[in-house]
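> Quick one: sequence plus predicted model below, questions after.
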Amino acid sequence: MDTYSSSDAVLSTDLRQGIASSVRHALLFAHSITDIMIHEGRPMMAKSAKGTRPLHELFPSIPDFVVTREHIVCYLAGYVEGEIRHENVQKYWDHKLKPILEARRTANFRLDGLGAHSLRYTLFLHAGGQLGLAMRITPAAITPLNQLSLPVQLRSTLSEATSGFIAITGPTGAGKTATAMSILDHHNHTHSGHIVTIEDPVEVRLRPQKCMVTQREVGYDVTSFADGMRDSLRMSPDVMLTSEIRDSETAEVVIQGGESGSLMLATMHGRTTTGTLRKILSYTGTHAVVLRSVLAGSLIGVIRQALVPSVKGDRYLLAADVLFNVGRVTQFIESGDWIGLEAAIREDKLGASEFISMNTRLAELVKQGEIDAAEAMRETSDMTGLKRRLQQR
């Protein structure tokens, strides 16, 4: 069984140390772990490039212990909120966690600067009132834009963009937020102005450089994405990010905002670049026809990305479809001919300035032995096209 190398230290399983010692050990030795998942009454689980497995299988020095509700509450109280004394743990549960869970059934937290990582927590109820805790692990440092494994043409476009709309899409855990933060960080270091983000929750803190930075969290700083985006327009924004589009008002702001001179970024879930555009417009209802014309003028491009586990299971590799709003792509958007646009993509009828397929990178990584062909097939939005490229080797 493949395991990560680690020391032979015996870690604690008591209420105060159990989860904390396991998490710290995992972060120290496993660079490809993206999530740690906990259900009371079960062992801790980890999602990594090796798959989703019990944490003690990845780390022999972590004991196979059953997590209790007390473990979870003590961990959040002592390591996230800083409640030190035992009596404060019960107070923390009674006065903070319990009211939030009764009202919303979920609670979000964040812990910055844990070594080289930050942690985003979602505490939730499931299975008739049992407690669960999901931890999303993100690097504390933002990857520079020129170091992302994105096509050179896209990196150049992102470096130069100061207005317009960019959609970053893909499945959960595809690194969308990391890409968005790299774009914002680049702008922060190279342009002056005001960066405003609406996130749920804030995952990575941007330190002001040349820009003033305002990061607002849904549920704490604003009541909803729509309210946050509407307020942001009154804050003289030069760059805006929303981590979700869930309603007509948010959709209209990101489409029209890009036309107003601001640089608009939005991350969202989507399987294809074309499907992402259709999804955004679907929120606008009867205004879709008018806003489609606005979108054709404001859109810079759509990035549909995926993180593919390496053969060794020690890291993820980035691949991306990129749709640029130029040439025939603009014509397809203006006319609403989504079938024609998708056909042009599938049949390789768009030029390199209009569309870059992730299949090019996926095929290269398979040929180099970096990723497995089955994993590449799982991530591509064009299986037929990838099969054709792999057969050419």
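Here it is on my side, so go on.
> Roughly how far does residue 358 sit from residue 329?
Noted for residue 358: a distance of 17 Å to residue 329, by Cβ to Cβ, to the nearest Å. To be clear about C-beta, it is placed using only N, CA and C from the backbone, and glycine gets the same treatment.
> Please apply the same query to residue 240.
23 Å.
> now swap in residue 281 and tell me
Separation of residue 281 from residue 329 (Cβ to Cβ): 15 Å.
> Between those two, which is the more surrounded one?
residue 329 (26 against 20; other Cβ atoms under 10 Å).
> doesn't residue 341 make contact with that one?
Yes. At 6.8 Å, residue 329 counts as touching residue 341 under the criterion of Cβ atoms under 8 Å.
> any idea which element residue 241 lies in?
Residue 241 belongs to strand 239-242 when assigned by DSSP states H and E.
> average model confidence for that strand?
Throughout strand 239-242, pLDDT has a mean value of 96.
> what comes into contact with that strand?
The list of residues contacting strand 239-242 from outside it, by Cβ atoms under 8 Å, 6 or more residues apart in numbering, reads 180, 184, 187, 193-199, 211, 225, 228-229, 232, 250, 253-254, 257, 262-267.
> Spell out which residues sit in contact with residue 320, please.
150-151, 154, 303-306, 356, 358, 361.
> secondary structure class for it?
Each residue gets one of three states, and residue 320 gets strand by DSSP: H, G, I helix; E, B strand; the rest coil.
> who's it bridged to?
residue 305 (DSSP bridges).
> Repeat that for residue 217.
Those that pair with residue 217 in a beta bridge, by DSSP bridges, are residue 199.
> Residue 223 versus that one, what's the distance?
Where residue 223 is concerned, residue 217 sits at a distance of 11 Å (Cβ to Cβ).
> between these two, who's got more neighbours?
Neighbours per residue, other Cβ under 10 Å: of residue 217 and residue 223, the larger number sits with residue 217, 18 against 10.
> just checking, that one touches residue 203?
No. Checked against Cβ under 8 Å, the pair residue 217 and residue 203 is beyond contact range at 9.9 Å.
> Strands of this protein, start to end?
Assigned by DSSP state E, the chain shows strands spanning 35-39, 45-48, 51-54, 106-114, 117-126, 130-139, 164-169, 193-199, 211-217, 239-242, 263-268, 299-309, 316-324, 355-356.
> can you redo these as TSV with distance to residue 373?
Shown next, in TSV, are the strands of the chain (distance: least, Cβ to Cβ, whole Å):
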stretch	distance to residue 373
strand 35-39	25
strand 45-48	20
strand 51-54	17
strand 106-114	36
strand 117-126	31
strand 130-139	28
strand 164-169	24
strand 193-199	36
strand 211-217	40
strand 239-242	35
strand 263-268	28
strand 299-309	11
strand 316-324	13
strand 355-356	21
